[in-house]
Each structure stands twice: as structure tokens, then as C-alpha cells.
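Trainee: Please work out how this folds:
(chains A and B)
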Amino acid sequence: MRCHYCEWRCELGVDHYGRCRMYYAEDGTVKERFPDRWSTYETVRIESTLFYHVKPGSQCLVIGTSSCNFSCNYCSNAFVAKQDPACQQDNMYQLSAQRLVTLARKLKCTSIVFDVNEPTVSLPSLQRLATQAHAAGITLGCLTNGYGTPEATELLASVFSFFNISLKGLDDEFHRRYIGIPTVKPILRNIEALAAQCHVEITTPVIQGLNDHELDEVVAFIAGIDREIPWHVLRLLPEDGMKGAVYPNIDKINRELEQARRVLPYLYFHNFVGSEWVNTLCPDCGAPVIERFSLGCGGDQLQQSKLDNGCCTQCHRWIKIYEADHGKQF
Amino acid sequence: MGNNSESDSSVAIIDARQWQNQFDLRTGAKSTETNEAILLLRRVLSEHPYPGDLDGGSNRWVTETALELVREYRPGFVLLTYAEQYFATRIASLSGAEKNRIMVELRREVDNFLEQTGMTPVIIGRGGVMPTQGFIDISGLDGIGVSPHWSARYGGVHEPSERDLAWLQSHPHIHRVVAKTAYQQLFAEPCPEPELLSDYLLVAEPGYAFKGLGCTMRKPAMVPLAAPELPCSSPQPVSDLTGLRQVIDNGLQQGRPMALIILEGVGKEDFPWPYSLCANTLDWFSYEPSDAQLLAITSGRHRLHEYPPGYLFHLRELKINRYPLSGYFKALPGGTIGDDYPGRSIAVGNKSMAMHMVAGADLCIECFSRNHYNQGSLGVVHRHNKIDHLAERI
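Mentor: Numbers count the residues shown, from 1 in each chain, chains lettered A, B, ... in the order given. As a prediction, the model looks like this:
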């Protein structure tokens, strides 16, 4: 039978695990090979995940599993995402959904964020986790490549309340050559679907000379959905197959983003230590309403939030921040 | 000798390759300050881009960057840390030949620095590494088992059940389970938030590493030995790693330029010079290559931990974030060599995010890597007023 979780729609069998190597089929059902197995669990502040507009300064439990359905040339987590998941099981943690939720509560986490690899490769475990977490008033968020099927995307929307979706560009040829998928179209479709019902932030890793010429088109796509979607432009430090590639020039990319800032008010340029473009500015008066310090590579910190009841203290404009919707039903 | 040295004027310079930015080290606010020391560091950082932890040439970068600063600043005291050999063994076991090659290169880099500067060296290996024998999974405890990512041999457990304690105490690879009251007595520095200390500190048998909350996803192929003794080459013998400070102070007082050279991941088996052994312990506790060990060396006293292993760092309630570039430090330690020495001092190293705090030197340059991802380098100017004296003298 065919897997229904991502657009590869792999043929699965008892010994056929699909592209991500995380599922098999038995008795007419798609099953997880490694249920409730996690590559990490760690408590951090939400800013060090890729969420700038989710309850600033809040504590979250970061989790991940193994493997991925993409094969990005520049993958920075290849040691988790590209290795055979069967070979990684000795290093994994066996933690039930209830146990993770108990840990999250003890550690004062208001959310659990899946941010190591791709959630569609572990959806049944995440559904179990969501049931327990929502009952405990804890929300779930994730980073995703957005390559789920429409039905899996609906499942994701029932599991997670907030998303950061990676949009690497709009060009199919780029996706074929550097990401290993035939087309970007499912990702665009899923961004629109998820943004209609959940909090969505979007991330675009910039690889100089490969996808930086598309930034204006990406801006237009995002603005066509909602100008207030936060957009994270990352200076990618190429790893894995592209290790050794030139580091993107910060000044050059920043100049290319100047026009975009007039279109998307919540535009951030980071993934390098000391970035000046990590503060949230009020879209109306330009006052900094949330200040952050960036250490790059997922080490961003909240310096201070100046919001007053969710509004700019200067002009009282409402700032788009996702707080929580505990107990989401599904 | 104070515990902390609150600096309102330290400036941090980030070099992210082809791009620099400048901040107040304490507050993280953007800084536009300009002085000769800042200009010097900006230029040296620009001319010496960090090659990366794992890409070869990292130790050469330390020597070349330090030599440049020595030429320009003429310090009386230099602190260097060399870590390439440690990085190389963290995630992969090396063949004997490969390890020998790295150690020969390390010696060449250190010798090159000493030959060109004529400084009197005090060299210490921070302790060797050994192949990981196994992991102690503490994720299944009823309490919260914490395994800080920089540590292997030490862990902590919060709110353990009776069942947890029985399991921990009978585990064949756990050497010691120490109650909070007992380890607090050993650790001299008071913790600002004692409620975040673990209820028990866990000590693994050599070669074993804890696996729990906070453990890095990249599992180490080699782990620090945390050996009770460290190899040391010094003009005067020392019995304890805290004794190195006095040796350096003596040399500086006699007007001799002194270089404290700290070698990561080097134990007595690999130390490439004649050595004596000095204690790396306080009572039952052996230092891993942690910030606490560096502080013991540079301040000459055991000031083990405000935040011992098992501390829940991320639950700290910080009304205002301080020292955002300085890892877990939220105050600048006082009483370090650079802090107390009235002459000019520099520090250069490829162990990131802490050296500028533990050395206290006037000018510091260190790599800025996170989980071995090369972000560039960091320069810190703690004191800029001595460079004018240099200009006058020249």
C-alpha cells in the first residue's frame, strides 16, 4: 500500500520502509517502525527555536526523532536526518507521550516544539503526544518542510498549533537539484492551508548564488497570503554535501531585503551571531517592541519584550503574537 | 580578589566573515565606541578568519592570531588555549597515526609561538580522553535526569523517587551519587538560584557518559577522562592546578613575560613536553574540561561551580539578559590573572564563548562556534586604556 503522509506517497510493505525509512505497511495500515523514540529532549526558551512570534521568552521542550523525507544538499542535521534511522536507535530515547508531557510540566514548559527533523516522518507518535499535551494545556509547535499530503497536513494542523515552514524558494529546478523533490507546489499549497487555520512563520535559508535571486518572489507569495506572517531569512552555513561553499555575504543579502521590509513588516535576517535584524518593530511606528540577541545556529535569546497587553507602547498598535490555545480538540 | 568584576565598558566585536558588529559585552546593546584597542581587534579579526573546529588549521589560527596581537600590543601576559586535538576526538575515534599527527602539529604551533615571543611558558593539559565505553540512560527516571551537553562524567537528578535512588546507587557504571547538601559543601561559590540545583549529583565511572535531558544529539566517540592528575610543564613545580596562578604571578612580578598555554583533551599520555603532575581534584571531585577548571587555573583557587552539572540553566528567571555572548556566565568573574595583572594581557583560543570570561585579559580573541558550526570569531576589549601607554612608549 502507499504511504499517505508525504507527497512521495511511497509504496510500503512489511519490509519496504519508504523514502524516510520510518514507516511500513501491515494489515492494510501504515505503521511506525520506531514509535515513541526520540533523538533529543531539551528545555530552551522559544526564541532559540525558530519562533519569534510565539509567547516571547516562554519555556518549551524541544524534541525530535530521526530521518527526513528530503535530501537537501546542504543539510545541517545530516547526522540525524540522513542516517539510516535503524542504525540510530541505540542513541534514541524511549519516552511515552505521557512521560514527555510530565517532563514538560515539571520544567514549566508551555509548549513542546518538534524542531530537529521532519514531523511527517513520525506523525502517529506526535498524534499521541498531542492528545496528552492538549489535555494538560500544553501546545505543540513544529518546524516542517511542508511536503505533507493534504490529508497529512490536516493531521498536522490538528496536532500542532504553530508552525515554522521552510520555503526554500519557488523554482522547481532548484528543488530538484538541491532538495531532491520534483516540485515546490505541494509546499506552497500547504503553507496556504496551514496559514488559514494556525499560526505560521516561514523560513527561507539563503544560499548565495542559488536561491537569493528569488527573494522578491518569495516575498510576493507570502504577502499574497498574509503580510503579517513572520519571515525568517537565514544566512545558511552550508554543511554536508555543500560544506566548503562560500558563506553568504551578509551586507549583500541585507541590501536585497530592503525592499521586502516595506512589504513584510515582520522580516528577520539571522542565523549569524550579532545580527541586527532580529528585533520585532511595530509595523506602524517602527518602535522596537521585542528585542532579541542572536547567537546564530538556533541560539537566539530574548533581551526584552516591551509589549503592553500585546500592543506597541508607543502607538498602541496590536502586534501579532501567538499566545496559546490550550486544549485544542481533534 | 572579588568574585565578580562588573565591567561597564567591555566591548565585544563579532566577526562573521566579511561582516563585523560591535556590542556592549554586558548588556548586548549595539556599541559604536571607537578606540585604538577596538580598531586593532577589528583588523586582526578581519585578517584571521576562523577556519572551523573540525576543518584543520584551527590550532594554527590560534598561534598566528596570537602572534599578530603580540606584535601589535606587546603583552606581558598571554593566555592561549589549543583545542583542535580535542574537537577531532569528540565525534570520531582517531587512528594512532592521525592522533600523532595532530599532536605533532600542536607541539609545532606552541613551539612556534614560544620561539617567536621568547615568553616563559606554563603549559597544562586539561586531561585526556578515552573511547566512550557506554551511556547511562537517565531519561527513564521518575525524576528529571539532566546531562549537560558539555559534560560526560557528571549528571544530575531532580526530584528522584526512592526507586530512582535505588537504581542509581546500584548502577554498575555510576561511581557516586552525591546529595545536594554534600556537594554544596564542596562547591565554595554560593549558587544564586539554589532551587535549580539538582537534588543529587551523579558521577559516572571513567569512559561512561550520562544520557538525559540536555544531552547533545551527536554522541561523543571519546569522553574526557576527568583524571585526578594533569600533566604540567612549569618553571616551578606545582602540586595542584590552582598553584599555576602563583607561578605566573611570580614570573610577572620578576618582569618576565609569561605565557599560560592550556591544551584541551591532552593528558599525560599525550603531553608533548617533559612534565610533572598536578592534582585536578578537590576532595572526591575531578574536573572535566569545564569553565570551572579554567577558572581554578586562572584565579588560583577552587571556585568550582555556581552552576554545577545538573543545574537547570534554562529555568533561570532573568529579568534582563546579561552577557548574551558569554555562554552560561551572567557575571564577569573577578580575580583572574588578566583582571589582577596591571600590565598588558591578551588571550587567544579556539574554545569558544568562555575564554574572555575566564582569562580576564585586556584583549581577547576566540572562535565563535556553536555545536561545531563555525559562526566566526569574537573579540573582546576589557580594557583599552593601556594601549595609549604603548603608543607613548613607542
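Trainee: need the residues of chain B near chain A, please.
Mentor: B:14, B:16-19, B:21, B:23, B:28, B:30, B:135, B:137, B:139-140, B:144, B:158-159, B:211, B:213-215, B:217-219, B:312, B:314-315, B:320-321, B:324-325, B:368, B:370-371, B:373-376, B:378 (C-beta under 8 Å from any C-beta of the partner chain). Using the backbone N, CA and C atoms, a C-beta is placed for each residue, glycine as well.
Trainee: repeat that for 6 Å
Mentor: B:14, B:16-19, B:21, B:28, B:139, B:214, B:217-219, B:314, B:321, B:324, B:368, B:370, B:373, B:375 (C-beta under 6 Å from any C-beta of the partner chain).
Trainee: what about the residue of chain B found nearest chain A, neighbour count?
Mentor: Taking C-beta to the nearest C-beta, chain A has its nearest neighbour within chain B at B:I14, 3.6 Å off. Residues lying near B:I14 (other C-beta atoms under 10 Å in any protein chain shown) number 24.
Trainee: which element is it on?
Mentor: strand B:11-15 (DSSP states H and E).
Trainee: Quick one: buried ones out of the residues of chain B next to chain A?
Mentor: The neighbour count (16 or more other C-beta atoms under 10 Å in any protein chain shown) marks B:14, B:16-17, B:19, B:21, B:28, B:139, B:214, B:217, B:219, B:314, B:321, B:324, B:368, B:373, B:375 as buried among those.
Trainee: follow-up on the earlier one: tell me which helix or strand the closest residue to the residue of chain B closest to chain A other than its chain neighbours sits in.
Mentor: Distance criterion C-beta to C-beta, 6 or more residues apart in numbering or on different chains; nearest residue to B:I14, sequence neighbours excluded, is A:G274 at 3.6 Å. Under the criterion of DSSP H and E, A:G274 resides outside all helices and strands.
Trainee: Mind pulling the model confidence for A:G274?
Mentor: Reported pLDDT at A:G274 in the predicted model: 94.
Trainee: Show me which residues of chain A are close to chain B?
Mentor: Residues of chain A lying near chain B (C-beta under 6 Å from any C-beta): A:39-40, A:42-44, A:79-80, A:91, A:93, A:237, A:247, A:249-250, A:272-274, A:293, A:296-297, A:299, A:301, A:303.
Trainee: Point out the ones among those residues that are inside helices.
Mentor: Using DSSP state H, the members of the residues of chain A next to chain B that fall in helices are A:F79, A:V80, A:I250.
Trainee: what's the distance between the second one and B:E159?
Mentor: Think A:V80. 30 Å (C-beta to C-beta, to the nearest Å).
Trainee: any idea where the helices of chain A begin and end?
Mentor: Shown for chain A, the helices assigned by DSSP H span residues A:78-81, A:85-88, A:97-106, A:123-135, A:150-159, A:172-174, A:185-195, A:215-225, A:250-263.
Trainee: is the closest residue to B:I261 other than its chain neighbours in a bridge, and if so with what?
Mentor: Leaving aside its chain neighbours, B:I261 sits nearest to B:I123 (4.5 Å; criterion: C-beta to C-beta, 6+ apart). On the basis of DSSP bridges, B:I123 is bridged to B:S233, B:I261.
Trainee: quick one: pLDDT of B:I123?
Mentor: pLDDT recorded at B:I123 is 98.
Trainee: Am I right that it is in contact with B:P231?
Mentor: No - using C-beta atoms under 6 Å, B:I123 is not in contact with B:P231, being 8.4 Å away.
Trainee: quick one on the thing from earlier: in strands, which of the residues of chain B next to chain A appear?
Mentor: Of these, the ones assigned to strands by DSSP state E are B:I14, B:N21, B:F368, B:R370, B:Y373, B:Q375.
Trainee: now the closest residue to B:H48 other than its chain neighbours: how far from B:P49?
Mentor: Nearest residue to B:H48 in three dimensions, chain neighbours excluded: B:T65, at 4.5 Å (C-beta to C-beta, 6+ apart). Distance of B:T65 to B:P49, given as C-beta to C-beta: 10 Å.
Trainee: Neighbour count: these two, which is higher?
Mentor: Comparing B:T65 with B:P49 by other C-beta under 10 Å, the one with more neighbours is B:T65, at 25 against 17.
Trainee: what residues are up against that one?
Mentor: By C-beta atoms under 6 Å, 6 or more residues apart in numbering or on different chains, B:T65 lies in contact with B:H48, B:V348, B:I365.
Trainee: let's see it at 10 Å
Mentor: For B:T65, the contact set (C-beta atoms under 10 Å, 6 or more residues apart in numbering or on different chains) comprises B:44-45, B:47-48, B:50, B:80, B:346, B:348-350, B:365-367, B:377, B:379.
Trainee: Could you do A:S67 as well?
Mentor: So A:S67 contacts A:17-22, A:33-34, A:39, A:80-86, A:88, A:117-118, A:121-122 (C-beta under 10 Å, 6+ apart).
Trainee: picking that back up, in the helix or strand the residue nearest to B:H48 falls within, which residues are buried?
Mentor: For B:T65, the host element (DSSP H and E) is helix B:58-73. Of the residues in helix B:58-73, B:58-70, B:72-73 count as buried by neighbour count, 16+ other C-beta under 10 Å.
Trainee: Please put the alpha-carbon coordinates of that helix into PDB.
Mentor: Written as PDB, here are the backbone C-alpha positions of helix B:58-73 (Å, rounded to 0.1, in the frame of the first residue of the first chain):
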ATOM      1  CA  SER B  58      42.300  25.600  14.000                       C
ATOM      2  CA  ASN B  59      45.400  25.400  16.200                       C
ATOM      3  CA  ARG B  60      47.500  27.300  13.600                       C
ATOM      4  CA  TRP B  61      44.800  30.000  13.700                       C
ATOM      5  CA  VAL B  62      45.500  30.400  17.500                       C
ATOM      6  CA  THR B  63      49.200  30.800  17.000                       C
ATOM      7  CA  GLU B  64      49.000  33.200  14.100                       C
ATOM      8  CA  THR B  65      46.300  35.300  15.700                       C
ATOM      9  CA  ALA B  66      48.200  35.500  19.000                       C
ATOM     10  CA  LEU B  67      51.500  36.400  17.300                       C
ATOM     11  CA  GLU B  68      49.800  39.200  15.500                       C
ATOM     12  CA  LEU B  69      48.400  40.500  18.800                       C
ATOM     13  CA  VAL B  70      51.800  40.100  20.500                       C
ATOM     14  CA  ARG B  71      53.500  42.200  17.700                       C
ATOM     15  CA  GLU B  72      50.900  44.900  18.000                       C
ATOM     16  CA  TYR B  73      50.100  45.000  21.700                       C
END
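Trainee: Mean confidence (pLDDT) on it, please.
Mentor: Across helix B:58-73, the average pLDDT comes to 97.
Trainee: Next: stretch A:168-184.
Mentor: pLDDT averaged over stretch A:168-184 gives 96.
Trainee: Output that stretch as PDB, restricted to C-alpha atoms.
Mentor: Taking Å, rounded to 0.1, in the frame of the first residue of the first chain, the C-alpha atoms of stretch A:168-184 are listed here in PDB:
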ATOM      1  CA  LYS A 168      13.500  27.300   0.200                       C
ATOM      2  CA  GLY A 169      12.400  29.100  -3.000                       C
ATOM      3  CA  LEU A 170       9.900  28.900  -5.700                       C
ATOM      4  CA  ASP A 171      11.900  27.300  -8.500                       C
ATOM      5  CA  ASP A 172      11.300  23.600  -9.300                       C
ATOM      6  CA  GLU A 173      14.700  23.200 -10.800                       C
ATOM      7  CA  PHE A 174      16.300  24.300  -7.600                       C
ATOM      8  CA  HIS A 175      14.200  21.900  -5.600                       C
ATOM      9  CA  ARG A 176      15.000  19.000  -8.000                       C
ATOM     10  CA  ARG A 177      18.700  19.700  -7.900                       C
ATOM     11  CA  TYR A 178      19.400  20.700  -4.300                       C
ATOM     12  CA  ILE A 179      16.400  19.400  -2.300                       C
ATOM     13  CA  GLY A 180      15.700  16.200  -4.100                       C
ATOM     14  CA  ILE A 181      12.000  16.700  -4.700                       C
ATOM     15  CA  PRO A 182      10.300  17.100  -8.100                       C
ATOM     16  CA  THR A 183       8.400  20.300  -7.400                       C
ATOM     17  CA  VAL A 184       7.700  23.000  -4.800                       C
END
